[in-house]
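**Q** Using only what follows, build the 3D model:
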Amino acid sequence: MPTNNNPLVLDTHVLIWSMSASDELSRSTQELISMAQDMNLLFVNSISLWEIAMLMDKQRLNAQASVDDFLESIVKMDGVSIKDISHRIASESLSLSNNFHNDPAGRLIAATAKVHNATLATRDRAIIKCAKNSGIKILEV
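**A** Prediction:
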């Protein structure tokens, strides 16, 4: 669970639910996300921008805006820091156990949380299952 100085990394689906005020997120999860954002401790890996672009392109996400405008709105959100795939995140994604996660985006998002000593907010069962053995703090949503 995030604390006053512990950043929160959002998995892509959590970011989407948060932006749409979805009832997929509990009130307490929404409050934690809002608190992290207010403290400038809300992180999103840049791979999530690509995942959202792909969802919009495949018409699996309707954002009522162009892909570029929607992604720009994420990048410009107050209190949100976009974390690019650094050499540390890339190498950390490889050091996760071999059975951690087959999805490269999921591995990069989890590695982002680990590198930044952050809590990862996700509902991804594969990540949740393997995170404890990889030293990644999880907020199950």
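**Q** Buried residues of the helix or strand containing residue 111, list them for me.
**A** Here residue 111 sits within helix 104-115, counting by DSSP states H and E. By neighbour count with 16 or more other CB atoms under 10 Å, helix 104-115 contains the buried residues 105, 106, 107, 108, 109, 110, 111, 112, 113, 114, 115. In this view, the C-beta of every residue, glycine as well, is placed from N, C-alpha and C.
**Q** ok, so of those, who is nearest residue 91?
**A** Distance to residue 91, by CB to CB, is smallest for residue 111 among these, at 8.3 Å.
**Q** how close does that closest one sit to residue 51?
**A** Noted for residue 111: a distance of 15 Å to residue 51, by CB to CB, to the nearest Å.
**Q** And residue 35, by the same measure?
**A** 25 Å.
**Q** now swap in residue 140 and tell me
**A** 20 Å.
**Q** What mean pLDDT does stretch 104-117 get?
**A** In this model, stretch 104-117 has a mean pLDDT of 96.
**Q** Would you mind writing the CA trace of it as PDB?
**A** Included here for stretch 104-117 are C-alpha records, laid out as PDB according to Å, rounded to 0.1, in the frame of the first residue of the first chain:
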ATOM      1  CA  PRO A 104       6.600  -7.700 -22.200                       C
ATOM      2  CA  ALA A 105       4.500  -4.600 -21.300                       C
ATOM      3  CA  GLY A 106       3.600  -6.200 -18.000                       C
ATOM      4  CA  ARG A 107       7.200  -7.000 -17.200                       C
ATOM      5  CA  LEU A 108       8.300  -3.500 -18.000                       C
ATOM      6  CA  ILE A 109       5.500  -2.000 -15.800                       C
ATOM      7  CA  ALA A 110       6.400  -4.300 -13.000                       C
ATOM      8  CA  ALA A 111      10.100  -3.500 -13.400                       C
ATOM      9  CA  THR A 112       9.200   0.200 -13.200                       C
ATOM     10  CA  ALA A 113       7.600  -0.300  -9.800                       C
ATOM     11  CA  LYS A 114      10.700  -2.200  -8.600                       C
ATOM     12  CA  VAL A 115      13.200   0.300  -9.900                       C
ATOM     13  CA  HIS A 116      11.400   3.200  -8.400                       C
ATOM     14  CA  ASN A 117      10.600   1.300  -5.100                       C
END
